[in-house]
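A.B. asks: Fold the following and give me the result.
(2 chains)
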2 protein chains.
Amino acid sequence: MKTSSLFLFIIGLFICNISNSQTNQKGFTIIPLGVKGGLDESNLSAYLVKANGAEQYICLDAGTIYAGLQKATLSNYFGPLHDATEIQKKFINSYFISHGHLDHTAGLVMNSPGDSFKKNIYAIPSVIEVLKSSQFSSKSWSNFANEGDKPIIGKYQYQYLVPEKEIEVNSAGVSVTPFVLSHVKPYESTAFLVRNQSDYLLYLGDTGPDEVEHSSQLENLWNHIAPLIQKKQLKSIFIEVSFSNKVADASLYGHLTPNWLMREMNKLYLLAGDHLKEVSIMVTHMKPCVNCETNIKEDLQKANSLGLKLYFPKQGEIINQ
Amino acid sequence: MKTSSLFLFIIGLFICNISNSQTNQKGFTIIPLGVKGGLDESNLSAYLVKANGAEQYICLDAGTIYAGLQKATLSNYFGPLHDATEIQKKFINSYFISHGHLDHTAGLVMNSPGDSFKKNIYAIPSVIEVLKSSQFSSKSWSNFANEGDKPIIGKYQYQYLVPEKEIEVNSAGVSVTPFVLSHVKPYESTAFLVRNQSDYLLYLGDTGPDEVEHSSQLENLWNHIAPLIQKKQLKSIFIEVSFSNKVADASLYGHLTPNWLMREMNKLYLLAGDHLKEVSIMVTHMKPCVNCETNIKEDLQKANSLGLKLYFPKQGEIINQ
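C.D. replies: You can find the predicted model right below:
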C-alpha cells in the first residue's frame, strides 16, 4: 500500500468512527430530571438520554431542568461539576420537545439565560410554533431562539422535525425518529424513538388513547416499533399514565389511565408478541395529588394481565438500559 | 330603642365588621413561596401576604406555588392540611401578577387544574394581555381564565388594575394599589402597595433603575410612599437585586444591582428621611449561580452607607411585619 493510500485508509477509518456516533457501547444512559405530570414545578417531565459511553445527553422534554440537575449532582453523575447551570451548558447537547405545554417546556425557557450558545431545539412544526409565538417571545420571556420576535438572541436553533424521518445527534451517540401523537385533537404531541446502533428506546410525550382521541397515531406507532420488539432491539418504553382509573374518559384531557395504557399495550402485544414482556415499561407523568400515585400503581398492578415489567423513574436516579 | 332599630343597629355593626376586612389586627403575615430570580424552577418569585388575623392570602407573583407550599407545610402554617393543592384551594384568595415573564407566572398556570373556581387574577392591562395571549392560551396550556382562546374554562376572572387606584381584597384583609414599573422599556412590570388599615407593605416586581431605563417610574413610586415612611406606616419594601455589581449597566436587562438599589434608596431617603432606616428592606430575586448570592450580599453590605435594615427572605419561612 502506497503512503497516500495508507493515509486515505486512516482518514476513512477516522470518518467511519465519527459517523458511528463516537461510542461503540450498546444501550442507553438515562437521567430523569423530572417525572411528574404537572403541578409540582420542581419535578416536571424531562429526561436526559445518551448512548452509553457518549459525551453528552439529549434532553427529552424540558419541564424541569435546574432543580433536576441539582438533585442529580448529589450522585456525582457529572464528575466534579456541581452547579446546575454549568452542567446544563456542558452536558446537554440539544432539546427534543414533545409538545408546547408549559410543564414540558418551562425549564428550557427559564434556564435559557444560563445555557451556552449553538444548541438545537428539535420539534415538529406545530410545537416550534408554540415555542416561537408564546414562550421564546418578547411577552413571556426573551427570544433566545433564532426565529420570531425581535430582538432575536439566537442561542438556540429551531430544527423542524419531519414525522418518521430519523435525524442524528452525534455527540450523544444517538439518532431520533419522531412520531406524531394526539393530545386532545387537533393538538399535537410527539413520541421520540431513540436509537444507538441497533438498540432503541421509545419516549412518548402526553397522549390520549386512540379510541378517546378518535385517532390512529398510537396504532401507527405500535406498527413501527413491533418489529423492533420482535428482534429484541427495543429496551424501554417511557409512557405516561396521568390519572388513576377513577377518572372518566370525558375528563382525560388527552391522557392515559392504567386501564387505557394496558388496552394500548394489549394492542402492541398482538403485533409484537411475547418479547414485549422483556421491554421495560417506564411509567411517567403521574399527576400528584393525595393518594394519586398509590392509586395509579395499584390500578396498574391489577390491569397488568400481560405481566409487563413496570418501572417508575425517579428524579435524579440514573437508569441504564 | 325599638326592636326594629336594635335589629338595624346589629346589622349595621355586622356590615361594618365585614368592611373592616374581617380583622382588627395590624401588620402582615408573609410566606415566601419562592424567592430566586430565575433558573431554579423549585423556588421562583411568589409571596403570600395577608393582614394579621385574616383567613386567606393574596399571592404576589406566582413563579412557584406547589413546591413553595410543600416547603411551607413542613412548618404547619396551614394547620392539618399538608397537600399543596388543598392549601392552594383553601388559603390563596387571588393572584397579583407583576409582569408576564414565566418565572413570575408559571406556578399559577401549571397549578390551575388543581385550584378552585372563582378566584381573581389582578394585573395591569399589558400583563393580562401576556397571560391571555401566551399562557392561559390553547397553545401553552388550557384557558383556565375567562377571556381569550376557546374553550374558556373560566376558573379565574381577570381583574384589570388601574395604576395608582386602590382595590380591596376582603378575605385577606388588605387593599392593594398598583404602580407601573419599567422592565426594559416599553415592557411593563408592577409594584403592589398593600395596605392593612394604616399599615403598608410594598412589593416590587422586576424593575431596572430609572437612569438605565430612561424612566421616572421609581421616582414616582418613591414620591407616593415617602409620606408613609415619614408617618412610620410602611413596614417593609420587597425589592429585587438580581445581579452583583460585576454586571454592567448594558447587561442589566431591566434589573437592579446592589449599587443601583442603594442609589434608588438614597433618592427615597432624600424624600422620606431617617425613618427609612426603620423599614425592612427585603431583598428578592437574586439570580442563582456559583457565588452569586454571596457576592450580592457582600456588595450590598459595602453599598449600605445609609445603614438600612436588609433581610433575605427564605422559601417557606414565615415573616411577620
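A.B. asks: need the residues of the stretch 1-150 of chain A near chain B, please.
C.D. replies: A:38-42, A:44, A:63-67, A:70, A:83-86, A:100-103, A:105-107, A:109-111, A:113-114, A:129-130, A:133-135, A:137-142 (C-beta under 8 Å from any C-beta of the partner chain). All C-beta atoms are positioned from the backbone trio N, CA, C, and that covers glycine.
A.B. asks: Would you list the buried entries among the residues you listed?
C.D. replies: A:38-42, A:44, A:63-67, A:70, A:83-86, A:100-103, A:105-107, A:109-111, A:113-114, A:129-130, A:133-135, A:137, A:139-142 (16 or more other C-beta atoms under 10 Å in any protein chain shown).
A.B. asks: Now, the residues you listed that are in helices?
C.D. replies: Assigned to helices by DSSP state H, the following of these qualify: A:66-67, A:70, A:84-86, A:106-107, A:109-111, A:129-130.
A.B. asks: Tell me who's in contact with the residue in chain A that chain B sits nearest to.
C.D. replies: Scanning chain A for the residue nearest chain B gives A:Ser42, at 3.4 Å (criterion: C-beta to the nearest C-beta). Counting by C-beta atoms under 8 Å, 6 or more residues apart in numbering or on different chains, A:Ser42 makes contact with A:34, A:64, A:67, B:41-42, B:64, B:66-67.
A.B. asks: Look at the closest residue to A:Glu240 other than its chain neighbours and report its pLDDT.
C.D. replies: Using C-beta to C-beta, 6 or more residues apart in numbering or on different chains and skipping the chain neighbours, the partner closest in space to A:Glu240 is A:His285 (3.7 Å). In this model, A:His285 is scored at 98, pLDDT.
A.B. asks: A:Glu219 reaches A:Lys267, doesn't it?
C.D. replies: Yes - in this structure, A:Glu219 is within contact of A:Lys267 by C-beta atoms under 8 Å, at 6.8 Å.
A.B. asks: of these two, who's got more company?
C.D. replies: A:Lys267 (17 against 13; other C-beta atoms under 10 Å in any protein chain shown).
A.B. asks: Centre-most residue in chain A?
C.D. replies: A:Leu60 (3.1 Å; C-alpha atoms, centre = their mean).
A.B. asks: ok so, going back, could you dump the ones in helices among the buried ones among the residues of the stretch 1-150 of chain A next to chain B into TSV and include pLDDT?
C.D. replies: Putting those into TSV (pLDDT from 0 to 100) gives the following:
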residue	pLDDT
A:Tyr66	98
A:Ala67	98
A:Gln70	96
A:Ala84	96
A:Thr85	97
A:Glu86	96
A:Ala106	98
A:Gly107	98
A:Val109	98
A:Met110	98
A:Asn111	98
A:Glu129	98
A:Val130	98
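A.B. asks: Export those residues to JSON lines and append columns for distance to B:Asp149.
C.D. replies: Formatted as JSON lines, these follow (distance: C-beta to C-beta, whole Å):
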{"residue": "A:Tyr66", "distance to B:Asp149": "29"}
{"residue": "A:Ala67", "distance to B:Asp149": "29"}
{"residue": "A:Gln70", "distance to B:Asp149": "35"}
{"residue": "A:Ala84", "distance to B:Asp149": "34"}
{"residue": "A:Thr85", "distance to B:Asp149": "34"}
{"residue": "A:Glu86", "distance to B:Asp149": "39"}
{"residue": "A:Ala106", "distance to B:Asp149": "19"}
{"residue": "A:Gly107", "distance to B:Asp149": "24"}
{"residue": "A:Val109", "distance to B:Asp149": "20"}
{"residue": "A:Met110", "distance to B:Asp149": "23"}
{"residue": "A:Asn111", "distance to B:Asp149": "27"}
{"residue": "A:Glu129", "distance to B:Asp149": "14"}
{"residue": "A:Val130", "distance to B:Asp149": "12"}
